[in-house]
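In: Quick one: sequence plus predicted model below, questions after.
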Amino acid sequence: MDTPETISHGFKLPCVFHPIFISISPTLVFTVVGPVRSSLTNPKTEISDCHSIRARNSQHSAGGGLMADNQTNNKNDIRRGTGDLQEDKKDKEEGEGEKGVPSASSNPMHRSGSRPQLDVSGAAIQGDFEDRNPTILLPNQSDDISHLALDIGGSLIKLVYFSRHEENPSNDRRKRAIKQRFGVSNGNRRSYPILGGRLHFVKFETGKLNECMDFISSKQLHRGGIDSPSWRAGIRPADNIIIKATGGGAYKYADVFKERLGVSLDKEDEMDCLVAGANFLLKAIRHEAFTHMEGQKEFVQIDHNDLFPYLLVNVGSGVSMIKVDGDGKFQRVSGTNVGGGTYWGLGRLLTKCKSFDELLELSQQGDNSKLDMLVGDIYGGMDYSKIGLSASTIASSFGKAISENKELSDYRPEDISLSLLRMISYNIGQISYLNALRYGLKRIFFGGFFIRGHAYTMDTISFAVQFWSKGQAQAMFLRHEGFLGALGAFMSYEKHGLDDLMAHQFVERFPMGAPYVGGKIHGPPLGDLNEKISWMEKFVQKGMKITAPVPMAPPGTTGLGGFDRPSSKGHTLRSDASAALNIGVLHLIPSLEVFPLLADPKTYEPNTIDLSDRTELEYWFAVLSEHTPDLVDKAVASEGGTDDAKRRGDAFARAFSAHLARLMEEPAAYGKLGLANLLELREECLREFQFRDAYISIKQRENEASLAVLPDLLMELDGMNEDDRLLTLVEGVLAANIFDWGSRACVELYHKGTIIEIYRMSRKKMHRPWRVDDFDKFKERMLGRGEKKRHPYKRALLFVDNAGADIVLGMLPLARELLRRGTEVVLVANSLPALNDVTAYELPEIVAEAAKHCDILRKSAEAGGLLVDAMVNPQDGLKRESASVPLMVVENGCGSPCIDFRQVSSELAAAAKDVDLIILEGMGRSLHTNFNARFKCDALKLAMVKNKRLAEKLAEVVAEITWLLYVAGDNPSSPVPE
Ligand SMILES: CC(C)(COP(=O)(O)O)[C@@H](O)C(=O)NCCC(=O)O
Ligand SMILES: [Mn+2]
C-alpha cells in the first residue's frame, strides 16, 4: 500500500491510504442469554407505503454520472432518493402523532435519545390548522419548571436560566421495535423531573439592574421562558411568580423586581447556594476543575467518591472560605474583606479606570516592581536565600512608594493595577492555604467573578498556595467560577432534580458569540436564527476581525520567590465578556448513558490525538480551515442555494472560523480539547445555523449507486468458500471506507472516477498485510481452525460510518455474514448527520432496499422489526415467529464523525446487553477516537486511514499497542498479556 500503483482506469490510489484492522479480546466474561423476539406492528401501513414509494420513484431515475455499466438495471427499484419521497415519509409520520397531535417527529434534527417528559394528553391545536407552526396547547403539562434563578451580588448579577429542547416525540417503528426488544434503560437513576433542555449563564453589572430586568422581560424568563406553553398560549400567569434568588441584592432589590416584573424573590442562603453550585459542578461537569500554573491550564478529573472534604474559596467583592464536607454539609471557616471589591475600588480610585475589566486589562502591561518593594531592593539585588526568598519576591506591596518622592500621577496605571492585583491575589492565596492547613484540606477550589478566567490572577493564587504549602496543597479553579451561587439557587427548586444528573448527561455547546472579543454578550438568544445571523453580520459590518491566534507565552519563573513577569501575559484580554466566553450552554440530556461495555470508564479517554500538542493543533486547524469553503458550498447547495441559505452559510463560516481562532489562541478555552471536539464543533456550528444535512444529496446519490450493484456483490460473495468470503468481506469494508467526504485526499480521488470504479479499484488494492492486521485472529474466532468449529457470536454491535458504498457494499454484507452464522446484529448509527455519515434515521430505508435482493437480510430485518413481511395478515393479529436472527438499528446519541463512549443514547446502552462483539468502523470512530479504547467483549476496529499525518502518527503508536492484540481464544476470559 505504500507505493502508488497505476490501475487500469488510469488513476492512482495515493499512498495516503492504509487499511487498519485490529481485534481486541475481552478482559471479562460476558453472560450470554437467549434472544427475545420482537413483535411486528402496523404492517399494512408499511406495505402500502412501500408500493407508493416504489411507483413514484420509478419516475425519478438515479441521476449523476456515478452509475456506470452494470448498475442501471436496478435503479428503478431504489426506494428513496428524492425530495418527494421524503415528503411521503414525513406525511406518514406526521399521521402517527399521538392523539391527533401533529408531531414534529419527521425532523431528525435533535440530539435524540433525550426523552421528553411532556404530558401531551388532551393536547389541542390552538388557532389556525393551516398554520405551519401552530401553537399546541398542552393543558395537562405541568408548567412548574422554573426557568430562572439569580445571584445578585455587590458588583454583578448572575443569571442561570433554562430553556427546553425542542423535543421530538418521535415514535417511529424502528424506535418502537428497539424499545420492545430492549426495554427502556434509565441507568441506575431514580426518575427525574427535569426535562431535556439547556442551562444558560448570563451576567450583568449590578449597577445595570434595569438592563438585567429588560433581558428577563424580553425573554419572558420570569414566566417560564418564551418556549413555555403558557407564554405561547398568551396566558398571563398569576402574579405570584416566585423566582429563587441569592446574594445581598435578593434582599436589597426585592421590591424593584416585584414592581417591574411582578415577581417575588424567594431568598436562598448564599453559602448554601455556593456549596450546592460547587458540588453540582464538580460532580456533573467533566472538565470543570483545572489547575493553572505558569500559564498552563490542566483539567483535573475529580473522582466523585473522593471529592470531600475541600476548601471552597469564593472571591466575590469580599472573600468567603468554606470547608465543604458533603452535600449540604459545610462550615464557613474564614474569609477576608480584601477581595474583588478591594481591587476594583482601589483600582478605580488610583487609575481612573471605568470598569473592572479595563483595570484587569491594564495589569497585562504592568510591571509591579515599579511600586512593590522586592527582596532584591532590600538586599542590594541579592536573594535572601537563607529563608528561601528570591530577589524578585515581593517584600512589601506598594512599599517602594514610601521611599520615593513621587505623586500618584508619576506612576503608570498599568503598574499600579498589577501591584494591586498581585497584592490581593497573593493575600487570598495565602489565607486560603492557612485555612486549608488548619483543617487538613489538600484541595482548594477557587470560584467567584474576581478570577474571571484571568490567567495571571490564577497563576498568582496558585503560586501562593504552592509556595506556602511547599507543594502539598493545590489550587484549582472552576470554569463556571462566577455562577456557583446562581446555580445553587437554581437547584434549590426541589422539583428540578438537577443534583441527580451526572457528567454523561450534560453536553456543553458554545454559542456563536463565544469566540468574540468585546461587545455586550448577554447570552444566546432562545433559538432565534435571524438574531444569530445578524449577530455575525454586525461584526462584519463593524470590521471586527476574528481574534487572531496569539502564540502562547513561554512559561517562566524566577526561582523561589515568585515570577518576575506574569507568565500568562498575552497581548489581548477578553473584556467584559471574558468569563462568559469560557463557558458554553449546558445541554441537559437526561437519557444519555455511559456505554456499559467500556472496560474501564474511569480511565477511558476518547481522543487519540491530543491537541494540547501545538503542532497537532496547528495542523488540524489548517485542515479544517481549508475544508470550510467547500463545506459551505455543500451546505448551501443542500438547502437549494437560496439567498437565505447563502446568508446562513456565510454566518456559519464566520462562526466556525472564529471558534477555531479562539481555540488556537487558548486550546483549553472550552474544556479539554481533542480532535473529536473540533470535528463535533463544526457539526454543531452547522446546526446552529440550521443546516439540516449538508451532504444529504451526496449520500442519496451514493446510496443509489451502491444499492444498484449490491446484488452482484452478494452473488460474488455467495460463490466463494467461507475463508475467501470472510477475507473479501473485510477487504470490502476497508475498501468502501474510502468514501469519506471529510478527507481531502478522498475528495480529490472522487474527481477521478465514478463511485463504483473507485470502490472496485480500492478493493483490488486491499492486499494484506494491512498497516495493522489482526485478520487471522478474527478469522480463527469466526471460523475456527481445522475441524474445530467455534460457536458464533451471540450479538454484534456494528458501529457504521459513511453512507453509500461504505454502508451498502461494506458493512451490510459483513452484517449479513454474521446473521447467516446466527449472530444477532445491531447496526449503530448517528442520531444526527455529520459529514456523509449514515444516520439511524436513514438506515431502515437502506436496509429495506438491500433486503429486496437478499433473503437473509430480509428475514433478519423482519425479525428485528425493520421490515414487515407482506405475508403477515395484520387482521389476524398473529405475529409470525421468525426463524431468523434479528437485524436491528439503534441510534448512538451522537452527531459527530467520532464517538465518545461516555455519552451514548439509552437505546444503545440497552442494546449492549448480551453483546459479545463490537465492530467500530471508520477513521472517526476507531482511530481519531477509541483507538486505545478497551471493551468488555471482543472488539474489531476497521478503518481506512485516509490522512497521511494520521497514518504517520499511528505508525508511532502502533508499536506501543501491539500488546493489546492477541488471539481471541476459546476462553473469553483469557487474560490480557501485561
Ligand atoms: C472526518 C473524518 C474523521 C471522517 O472519517 P470517517 O470516520 O468517515 O472514516 C476524516 O475525514 C478526517 O479525519 N478528515 C481529516 C481531514 C483530511 O484528512 O482531509
Ligand atoms: Mn464518516
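Out: Structure's in. What do you need? Ligands and ions are numbered 1, 2, ... in the order given.
In: Near ligand 2, which residues of the stretch 701-850 of the chain are found?
Out: 801, 802, 837 (C-beta under 5 Å from the ion). The way it works is simple: take the backbone N, C-alpha and C, and place the C-beta from them, glycine included.
In: just those that are near ligand 1?
Out: Among those, proximity to ligand 1 is found for 801, 802 (C-beta under 6 Å from any ligand atom).
In: Give the buried subset of the residues of the stretch 701-850 of the chain next to ligand 2 as a ChimeraX selection command.
Out: Only the buried entries of those go into this ChimeraX selection, using 16 or more other C-beta atoms under 10 Å:
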select :801,802,837
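In: Strands - which of the residues of the stretch 701-850 of the chain next to ligand 2 land there?
Out: Using DSSP state E, no member of those sits in strands.
In: mind putting the residues of the stretch 701-850 of the chain next to ligand 2 in CSV, pLDDT included?
Out: Shown next, in CSV, are these (pLDDT from 0 to 100):
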residue, pLDDT
801, 98
802, 98
837, 98
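In: who touches the residue in the stretch 751-900 of the chain that ligand 1 sits nearest to in this structure?
Out: Nearest residue of the stretch 751-900 of the chain to ligand 1: residue 897, at 4.2 Å (C-beta to the nearest ligand atom). Residues near residue 897 by C-beta atoms under 8 Å, 6 or more residues apart in numbering: 679, 683, 742, 801, 834, 835, 837, 922, 923, 924, 925, 928.
In: Quick check: pLDDT value at the nearest residue to the first one once chain neighbours are set aside.
Out: When you say that, I think you mean residue 679. Of all residues not flanking residue 679 in the chain, residue 897 sits nearest, at 5.2 Å (C-beta to C-beta, 6 or more residues apart in numbering). Residue 897 carries a pLDDT value of 97.
In: Quick one: list the elements packing against whichever strand or helix holds residue 242.
Out: Per DSSP states H and E, residue 242 falls inside strand 241-246. Applying 3 or more C-beta pairs under 8 Å, 6 or more residues apart in numbering; DSSP states H and E, one finds that strand 241-246 makes contact with strand 148-152, helix 254-261, strand 263-267, helix 270-284, helix 484-491.
In: Now do whichever helix or strand comes after the fourth one against helix 270-284, angle only.
Out: Think helix 270-284. Sequence-wise, the next helix or strand downstream of helix 270-284 (DSSP H and E) is strand 289-293. Going by axes from the mean of the first three to the mean of the last three C-alpha atoms, to 10 degrees, strand 289-293 is angled at 90 degrees with respect to helix 270-284.
In: So which bits of stretch 400-415 are buried?
Out: 400, 401, 411, 412, 413, 414, 415.
In: In this structure the fifth one contacts residue 352, no?
Out: Yes. When contacts are counted by C-beta atoms under 8 Å, residue 413 is listed as touching residue 352 (7.3 Å).
In: if you average pLDDT over the longest helix anywhere in the chain, what comes out?
Out: Counting residues, the longest helix in the chain under DSSP state H turns out to be helix 413-439. Averaging pLDDT along helix 413-439 gives 96.
In: Show me what from the stretch 851-978 of the chain comes close to ligand 1.
Out: Residues of the stretch 851-978 of the chain lying near ligand 1 (C-beta under 6 Å from any ligand atom): 897, 922, 923, 924, 928, 943, 946, 947.
In: one more time with 5 Å
Out: 897, 922, 923, 924, 947 (C-beta under 5 Å from any ligand atom).
In: In helices only, show me these.
Out: Using DSSP H, these in helices are residue 923.
In: Report the mean per-residue pLDDT for the helix or strand containing residue 757.
Out: Using DSSP H and E, residue 757 sits in helix 755-764. Taken as a whole, helix 755-764 has an average pLDDT of 88.
In: buried set for it?
Out: Applying 16+ other C-beta under 10 Å to helix 755-764 flags 755, 756, 757, 758, 759, 760, 761, 762, 763 as buried.
In: was I right about the fourth one contacting residue 736?
Out: In other words, residue 758. No. Using C-beta under 8 Å, residue 758 makes no contact with residue 736, being 9.6 Å away.
In: who in the protein is up against ligand 1?
Out: So far as C-beta under 5 Å from any ligand atom goes, the chain lies against ligand 1 at 623, 740, 742, 743, 744, 801, 802, 897, 922, 923, 924, 947.
In: Out of those, the closest to residue 488 would be?
Out: Among these, residue 897 lies closest to residue 488 (C-beta to C-beta), at 37.4 Å.
In: since we're on residue 255, how many residues are nearby?
Out: Residues near residue 255, counting by other C-beta atoms under 10 Å, number 10.
In: returning to what we had before: reformat the helices and strands packed on strand 241-246 as JSON lines; add mean pLDDT and distance to residue 395.
Out: Formatted as JSON lines, the helices and strands packed on strand 241-246 follow (pLDDT from 0 to 100; distance: least, C-beta to C-beta, whole Å):
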{"stretch": "strand 148-152", "mean pLDDT": "94", "distance to residue 395": "38"}
{"stretch": "helix 254-261", "mean pLDDT": "94", "distance to residue 395": "47"}
{"stretch": "strand 263-267", "mean pLDDT": "94", "distance to residue 395": "45"}
{"stretch": "helix 270-284", "mean pLDDT": "92", "distance to residue 395": "34"}
{"stretch": "helix 484-491", "mean pLDDT": "92", "distance to residue 395": "35"}
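In: So which of the ones you listed is nearest ligand 2?
Out: Minimum separation from ligand 2 across the helices and strands packed on strand 241-246 (C-beta to the ion) falls at helix 270-284, 30.4 Å.
In: Could you list the residues in contact with that closest one?
Out: Where contact means C-beta under 8 Å, 6+ apart, the residues beyond helix 270-284 that reach it are 151, 246-248, 288-289, 302, 304, 307, 312, 314, 320, 322, 324, 327-328, 330, 332, 445, 447, 478-480, 483-489, 491-492, 498-499, 501-503, 505-506.
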